[in-house]
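Novice: Attaching a predicted model along with its sequence, questions to come.
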Amino acid sequence: MTLHIYNTLTREKEVFKPINPENVGMYVCGPTVYDFAHIGNARPVIVFDVLYRLLKTLYPKVTYVRNITDVDDKINAKARETGEDIRTITERTAAMFHQDMAALNAGNPDIEPRATEHIAEMIDMIERLIENGNAYEADGHVLFNVPSMPNYGALSRRNMDDMIAGARVEVASYKKDPADFVLWKPSDEDTPGWDSPWGRGRPGWHIECSAMSRKYLGDTFDIHGGGHDLVFPHHENEIAQSCCANKTDKYATYWMHNGHLMVEGEKMSKSLGNFFTVHELLEEVPGEALRFYMLSAQYRSPFDFTKEGVREAKATLDRFYTALRQHADIEADDVAAPDHFVAALKDDLNTPLAISILHELLSAFNKAPSPQTKGHLLACADILGILQQDVEGWFTQNTAADATEVDADQIMGMIEERKNAKANKDFATADKIRDDLDAMGIVLEDGPGGTTWKLK
RNA sequence: GGCGCGGUGGUAGAGUGGUUAUGCAGCGGAUUGCAAAUCCGUGAACAGCGGUUCGAAUCCGCUCCGCGCCUCCA
């Protein structure tokens, strides 16, 4: 089984053929750093983290680039609101983003370029677009001229004439064509800006990804990912900018888009108040459970995020960790993940199928605990980025909030008391102790090796 | 209006032109002082209507329903 990827460009699952098998290039649209990451922002981070892990098992080198958008009008608006410098906001937010994503066990990409550190590259690209006749200056702005690109609309399969007929936004008077979009726009005195051949201003939304992907991955590269909503206009415009500036037919070979999240069956939105940040969820559930939960659906499907679903995901991970705990003395073999597991992931990241195989491997491990069955289980889990943390830690400290509330010594003392009561056949006392612990949120399990405890 | 996606058992969620998905929940059993954990067994589905086919939940068409995007939202 070779790696297959669903390509938005062709709307088909295709065999993955890297441009250079020695170094696979992957670019994913990262966060705009002006507020806490919400659970929807976490989906592409997790999905592409799994893809990155999978690719690294298949190719000697993978270069994963994910940008940080630190110049944007939402950031500017926040700065006006709080009176802070945009740099203060973006630095703080980026740090929180990294912290939250680390809790989801999503590693950092190889390169994480920031827009503000690549203004020169963007200006250079805009200049080339003007030279090539694809962009023009008007009223202090520089605009990309959409009709100058014959293939425009190929990714999103849009016809510009139809779109304009149904457009719901007024067209700025300085545009030559209603579909033209901004590459550079002027900044007033109160707005962050950079000197450019067109005066002091700031970049449009799309140009940063074109400029930065080129710098780190070249004119054409293998995979470009992001949320489904970015297909149009963001990715369509990136293609236009990059192909026209670099004079190539091809920008990214494979376009991957993750589906959006809903919350409790409703579209997630601030006005509905059903907006979870990763940060607040981590107060009540381990990041690993959020990660595992997200992977329970195929990445392209819409995902209905529910608290009940989170709870179930956590309970499922408890099962896995329980098995690992009961057989903690067995040292896992250093084996490769079984083929049928890897094959599931190679089929356009079929994580639900992969997880079903993980359940089979768990069952096999429970029935016949051995270095090999444990090794298989852990090898698969490693690719998904789960079951890697300390087993005792999983049961005794599920969230940051738990750490301060539990007194392990006290619990061990009560377990000892109960053991003595049981030895004396005083089951009433033994059960009373168990009930008391239960009321504290502690669950006991009597096993062959003694009694263990865990947080509910 | 344009473009696109989806409707699977109580629930979450894969897959396949004819053969058990898997998890959770349910039911029965083993084990346990009782539990927990684990193991064994078990019922239950493919939105509707046509068509292609020896055979379709799986391919095609239509209908109904739900959802997304349409200039700065992952």
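Specialist: Happy to help now that I have it. All values reported here derive from a predicted model rather than from experimental measurement.

Novice: Return the per-residue confidence for the residue of the stretch 1-150 of chain A found nearest RNA strand B.
Specialist: Of all residues in the stretch 1-150 of chain A, A:G40 sits closest to RNA strand B, at 2.6 Å by Cβ to the nearest atom of the strand. C-betas here are computed from N, CA, C, even on glycine. On pLDDT, A:G40 comes in at 91.

Novice: does it really touch A:G259, like I thought?
Specialist: No: counting by Cβ atoms under 8 Å, A:G259 is not a contact partner of A:G40; they are 10.1 Å apart.

Novice: Quick check on these two: which one has the bigger neighbour count.
Specialist: Taking other Cβ atoms under 10 Å, A:G40 and A:G259 do not tie; A:G40 has more neighbours (20 against 17).

Novice: State the distance from A:D188 to A:W198.
Specialist: In this structure, A:D188 lies at 15 Å from A:W198, with Cβ to Cβ, to the nearest Å as the measure.

Novice: Report the contact partners of the residue of the stretch 1-150 of chain A closest to RNA strand B.
Specialist: Each residue near A:G40 by Cβ atoms under 8 Å, 6 or more residues apart in numbering is listed here: A:227, A:260-261, A:268.

Novice: Please say which of A:D188 and A:W198 ends up with more neighbours.
Specialist: A:W198 (19 against 8).

Novice: Doesn't that one lie inside a strand?
Specialist: No: note on A:W198: no strand contains this position according to DSSP: H, G, I helix; E, B strand; the rest coil, which reports coil.

Novice: Just confirm it contacts A:Y136, I think it does.
Specialist: No: the pair A:W198 and A:Y136 fails to qualify as a contact (Cβ under 8 Å) at a distance of 10.6 Å.

Novice: which residues in the stretch 351-456 of chain A form helices?
Specialist: Counting by DSSP state H, counting those that start in this stretch, the stretch 351-456 of chain A has these helices, from start to end: A:351-367, A:371-384, A:391-396, A:408-423, A:427-439.

Novice: what's the longest one in contact with?
Specialist: In other words, helix A:351-367. A:50, A:292, A:295-299, A:319-320, A:323, A:327, A:338, A:340-341, A:344-345, A:347, A:373-374, A:376-377, A:380-381, A:384.

Novice: Indicate the residue of the stretch 101-250 of chain A located nearest to RNA strand B.
Specialist: The minimum distance from the stretch 101-250 of chain A to RNA strand B, using Cβ to the nearest atom of the strand, falls at A:G227 (1.6 Å).

Novice: hang on, the earlier thing: which residues are in contact with each of A:W198 and A:Y136?
Specialist: Taking Cβ under 8 Å, 6+ apart as the criterion, A:W198 and A:Y136 both touch A:V142.

Novice: Please state the offset of stretch A:373-381 from the chain centre?
Specialist: Here stretch A:373-381 is found 24 Å from its chain centre; the criterion is Cα atoms, centre = their mean, to the nearest Å.

Novice: swap that for stretch A:172-183, sorry
Specialist: Chain-centre distance of stretch A:172-183: 33 Å, with Cα atoms, centre = their mean.

Novice: Enumerate every residue touching the nearest residue to A:E445 once chain neighbours are set aside.
Specialist: Distances taken as Cβ to Cβ, 6 or more residues apart in numbering place A:T452 nearest to A:E445, at 5.2 Å, with adjacent residues excluded. A:T452 makes contact with A:325, A:395, A:444-445 under the criterion Cβ under 8 Å, 6+ apart.

Novice: From the residues you listed, list the ones also adjacent to RNA strand B.
Specialist: Intersecting the contacts of A:T452 with the contacts of RNA strand B gives A:444-445 (criterion: Cβ under 7 Å from any atom of the strand).

Novice: With only the CA atoms kept, save stretch A:351-359 in PDB.
Specialist: Taking C-alpha atoms only, stretch A:351-359 is exported to PDB below (Å, rounded to 0.1, in the frame of the first residue of the first chain):
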ATOM      1  CA  THR A 351      -7.600   7.500  11.500                       C
ATOM      2  CA  PRO A 352     -10.900   5.900  12.600                       C
ATOM      3  CA  LEU A 353     -10.000   2.700  10.900                       C
ATOM      4  CA  ALA A 354      -6.500   2.900  12.400                       C
ATOM      5  CA  ILE A 355      -8.000   3.400  15.800                       C
ATOM      6  CA  SER A 356     -10.200   0.300  15.300                       C
ATOM      7  CA  ILE A 357      -7.000  -1.600  14.600                       C
ATOM      8  CA  LEU A 358      -5.500  -0.200  17.800                       C
ATOM      9  CA  HIS A 359      -8.500  -1.700  19.700                       C
END
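
Novice: What residues of that stretch count as buried?
Specialist: Of the residues in stretch A:351-359, those buried under the neighbour-count criterion (16 or more other Cβ atoms under 10 Å) are A:351, A:353-355, A:357-358.

Novice: now those residues in a markdown table, with pLDDT?
Specialist: Rendered in a markdown table, the data for the buried residues of stretch A:351-359 read as follows (pLDDT from 0 to 100):
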| residue | pLDDT |
| --- | --- |
| A:T351 | 95 |
| A:L353 | 95 |
| A:A354 | 96 |
| A:I355 | 96 |
| A:I357 | 95 |
| A:L358 | 96 |
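
Novice: want to throw those residues into a markdown table with distance to RNA strand B?
Specialist: Conversion of the buried residues of stretch A:351-359 to a markdown table gives the following (distance: Cβ to the nearest atom of the strand, whole Å):
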| residue | distance to RNA strand B |
| --- | --- |
| A:T351 | 8 |
| A:L353 | 4 |
| A:A354 | 9 |
| A:I355 | 7 |
| A:I357 | 8 |
| A:L358 | 8 |
